[in-house]
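A.B. asks: Need the 3D shape of this:
(one chain, ligands or ions: 1)
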Amino acid sequence: MRKPFIAGNWKMNNTRAAARELVAALKPLVADVKDVEIAVAPTFTCLQDVSELIKGSNIELSAQNISYAASGAYTGEISADMLKDVGCTHAIIGHSERRQYFGETDEGVAKRVRAALDNGIIPIVCVGESLAERESGKTFDVVLRQIVNGLSSVKNDEAARVVVAYEPVWAIGTGKTATPDQAQEVHAAIRAKLAEIFGADNAEAMRIQYGGSVKASNAKELLGQKDIDGALVGGASLKAADFAEIIKAAR
Ligand code: 13P
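C.D. replies: Numbering: from 1, shown residues only. You can find the predicted model right below:
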C-alpha cells in the first residue's frame, strides 16, 4: 500500500512573514492527519522560518530545487548539505518551470537526483508534456523519455524512495486539469516504465503524484485513480484551508 503524498509547491511566492502565517494556519488544520504524508516547498529564503514552525508536526519540508554539486564555485546554487542543514527532507527536481525558463535538462535532472539521494534527500522528480506535444500525440514519448533519462542515476535499491510528479504543462496554473482518465492513463504508463527499469516490486512502491490545477473540488476524483498516489499542488497550496481540504481528500 502506497501512502498518499500531498506536497505544496509555493513557487516564487511569500515573504518570510507570509510564509510563517501560511504554515501556522495550516498546522492545526492537518494536525490529526496520519494517513497522508504532507510537505510544503517554500522558497529558499523561507526554509529556515518554516522549518522552525513545523518542528514536531506532521508537515515535512521540501526545497524547490537542489544543486548537483556538493560545494564551491556555483553562484546562485544551494547544495544538498545546506538543504539538510535547514531541515529539508525533500527536493523538487526538474519542475517544468525550471525546464522551460531556466534551461533545465533531463541530464541535469539526473545529476540533481543523484545529489539528493547521496545526501538522504527524497527527490520529487517532475515530468510532463506541453500542449503542443499532447496535441501532436507525443505525450508518452516525452514523459517516458523524461522518466528514463531523469532517473538514469537511480539504483534499483533506491527507487522506492523516489517520488515522481506527473504535471502536464498545459494544466499548470491554467485552471485546466487533466481528467482523471487522462491522468491515470499517463500514470499507468509511467508505472509500467518504472517496472521495466527498477522491477515490478519497486515500481509498486514508488509514489506518482499528479500536478496541474489540483483543487479541493477535483482532488478526490483524481486521487481516486489507481496509479495516482498524491498531488503536487501549486496555487491551491497558498491558502491553508484549500490545501488542507486537498490533503483530506487523499485520505
Ligand atoms: P498549479 O496547481 O498552480 O496548477 O501548479 C501545479 C504545479 O506546478 C505544482 O508544482
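A.B. asks: tell me the pLDDT at whatever residue of the stretch 1-150 of the chain ends up closest to the ligand?
C.D. replies: Proximity of the stretch 1-150 of the chain to the ligand (Cβ to the nearest ligand atom) peaks at N9, 3.7 Å away. Where C-beta positions appear, they are placed from N, C-alpha and C, glycine not excepted. Per-residue pLDDT puts N9 at 98.
A.B. asks: Surely it and I93 touch.
C.D. replies: No. Assessed by Cβ atoms under 8 Å, N9 is found out of contact with I93, at 11.8 Å.
A.B. asks: Give me the more crowded residue out of those two.
C.D. replies: I93 (29 against 26; other Cβ atoms under 10 Å).
A.B. asks: Please tell me the pLDDT value assigned to the one residue in the stretch 151-251 of the chain that gets nearest to the ligand.
C.D. replies: Of all residues in the stretch 151-251 of the chain, G234 sits closest to the ligand, at 2.2 Å by Cβ to the nearest ligand atom. On pLDDT, G234 comes in at 98.
A.B. asks: Which residues lie in contact with the residue nearest to it when sequence neighbours are not counted in this structure?
C.D. replies: Leaving aside its sequence neighbours, G234 sits nearest to N9 (Cβ to Cβ, 6 or more residues apart in numbering; 5.3 Å). Residues near N9 by Cβ atoms under 8 Å, 6 or more residues apart in numbering: A41, S62, Q64, I92, H95, G211, L232, V233, G234, S237.
A.B. asks: so how many other residues sit close to the last one?
C.D. replies: So that's S237. S237, neighbours per other Cβ under 10 Å, totals 27.
A.B. asks: wait, it sits on I247?
C.D. replies: No. Using Cβ under 8 Å, S237 is not in contact with I247, being 9.7 Å away.
A.B. asks: Is the residue of the stretch 1-150 of the chain closest to the ligand bridged to anything, and to what?
C.D. replies: A41 (DSSP bridges).
A.B. asks: Could you measure from R114 over to V125?
C.D. replies: 12 Å (Cβ to Cβ, to the nearest Å).
A.B. asks: With neighbour numbers in mind, choose between those two.
C.D. replies: The neighbour comparison of R114 against V125 (other Cβ under 10 Å) goes to V125, with 26 against 18.
A.B. asks: I'd guessed the more buried one sits against V113; true?
C.D. replies: Yes. Using Cβ under 8 Å, V125 is in contact with V113, at 6.1 Å.
A.B. asks: Find the residues that touch each one of the two.
C.D. replies: With Cβ under 8 Å, 6+ apart as the test, V125 and V113 both reach I93, G150, L151, V162.
A.B. asks: So the third one versus S51, what's the distance?
C.D. replies: Read that as L151. Distance from L151 to S51, by Cβ to Cβ: 28 Å.
A.B. asks: With neighbour numbers in mind, choose between the two.
C.D. replies: Using other Cβ under 10 Å, the more surrounded residue of L151 and S51 is L151, with 24 against 16.
A.B. asks: State the pLDDT value of that one.
C.D. replies: Taking L151 on its own, its pLDDT is 98.
A.B. asks: Next one: it from Y68, what distance?
C.D. replies: For L151 relative to Y68 (Cβ to Cβ), the value is 14 Å.
A.B. asks: One more: A178?
C.D. replies: Remark: distance between A178 and Y68 (Cβ to Cβ) = 30 Å.
A.B. asks: When the two are compared, which one has more neighbours?
C.D. replies: Between A178 and Y68, counted using other Cβ under 10 Å, A178 has the larger neighbour count: 25 against 20.
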